[in-house]
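Peer 1: Below is the sequence, then the predicted model.
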Amino acid sequence: GDSVTQMEGPVTLSEEAFLTINCTYTATGYPSLFWYVQYPGEGLQLLLKATKADDKGSNKGFEATYRKETTSFHLEKGSVQVSDSAVYFCALSDPLDTGRRALTFGSGTRLQVQP
Amino acid sequence: DGGITQSPKYLFRKEGQNVTLSCEQNLNHDAMYWYRQDPGQGLRLIYYSQIVNDFQKGDIAEGYSVSREKKESFPLTVTSAQKNPTAFYLCASSMPPAGRDQFFGPGTRLTVL
């Protein structure tokens, strides 16, 4: 079945540091890939997405590129802020899953940014 | 503003009681989902509904029940048969086909006393 693997956290960085959160996936088809962010006590918000190979999703300074050859979708940001502290989830949606059409999530990576 | 609302935000239940979590959306989405989140884990699918009056079990449906009588509403009942119900519950909606964005509500934190 489909699966998503994320690097374990927490990831602790100083403000203005470079961020990378690794995400790799396994899927039977050619999935769409997503990054969601969850702030404490809240639901998930879509951060960015990519729907086909070599697409780059970007939003609020975050970027991720859909790499089919390495089945990866790593999240990057050039300069993190304290306000970026949250849990980040990588997820996929398999177009071959015409029944559930649900997302498959990774376990989440907590980011802590220190001033 | 369009979105998904969940209520209540916090819910406490005694063992042996059934409780119902509310989920309402005004996005005109056909599909709705319930996920469960446990600390340090990703989200796991409980139930989903692609259309009114139809719903299907997800990966961890035991001890839960749902209904979908209206397009806007997808309530989840946590029954006394659910062995470990303390968790954060998230409702989501989307417009098919697969690959479309899922929008999430703010969640309900259920604690069994």
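Peer 2: Thanks, I have the structure now. Numbering: from 1, shown residues only, chains lettered A, B, ... in the order given.

Peer 1: And A:Y30, how far from A:L96?
Peer 2: 9 Å (CB to CB, to the nearest Å). Backbone N, C-alpha and C define where each C-beta goes, glycine included.

Peer 1: Could you check which of these two has the larger neighbour count?
Peer 2: A:Y30 (15 against 12; other CB atoms under 10 Å in any protein chain shown).

Peer 1: So what does residue 17 have for phi and psi?
Peer 2: Here I'm looking at chain A. phi -80, psi 160 (degrees, to the nearest 10).

Peer 1: Which helix or which strand is home to the residue nearest the centre of chain B?
Peer 2: Centroid-nearest residue in chain B, with CA atoms, centre = their mean: B:W34, separated by 2.9 Å. Applying DSSP states H and E as the criterion places B:W34 in strand B:31-37.

Peer 1: Just checking: what are the partner strands of that strand?
Peer 2: Applying DSSP bridges, strand B:31-37 is found paired with strand B:43-51 (antiparallel), strand B:87-94 (antiparallel).

Peer 1: Burial-wise, tell me which of those strands comes out on top.
Peer 2: strand B:87-94 (a mean of 24; mean count of other CB atoms under 10 Å in any protein chain shown).

Peer 1: average pLDDT for that one?
Peer 2: Taken as a whole, strand B:87-94 has an average pLDDT of 95.

Peer 1: What of stretch B:24-38?
Peer 2: Averaging pLDDT along stretch B:24-38 yields 94.

Peer 1: try stretch A:68-86
Peer 2: pLDDT averaged over stretch A:68-86 gives 96.

Peer 1: Now it: buried residues?
Peer 2: A:71-75, A:77, A:80, A:84-86 (16 or more other CB atoms under 10 Å in any protein chain shown).

Peer 1: other SSEs contacting the least confident helix or strand in chain A by mean pLDDT?
Peer 2: When the helices and strands of chain A are scored by mean pLDDT, DSSP states H and E, strand A:104-105 comes last with a mean of 91. Packing partners of strand A:104-105 (3 or more CB pairs under 8 Å, 6 or more residues apart in numbering or on different chains; DSSP states H and E): strand A:3-6, strand A:86-93.
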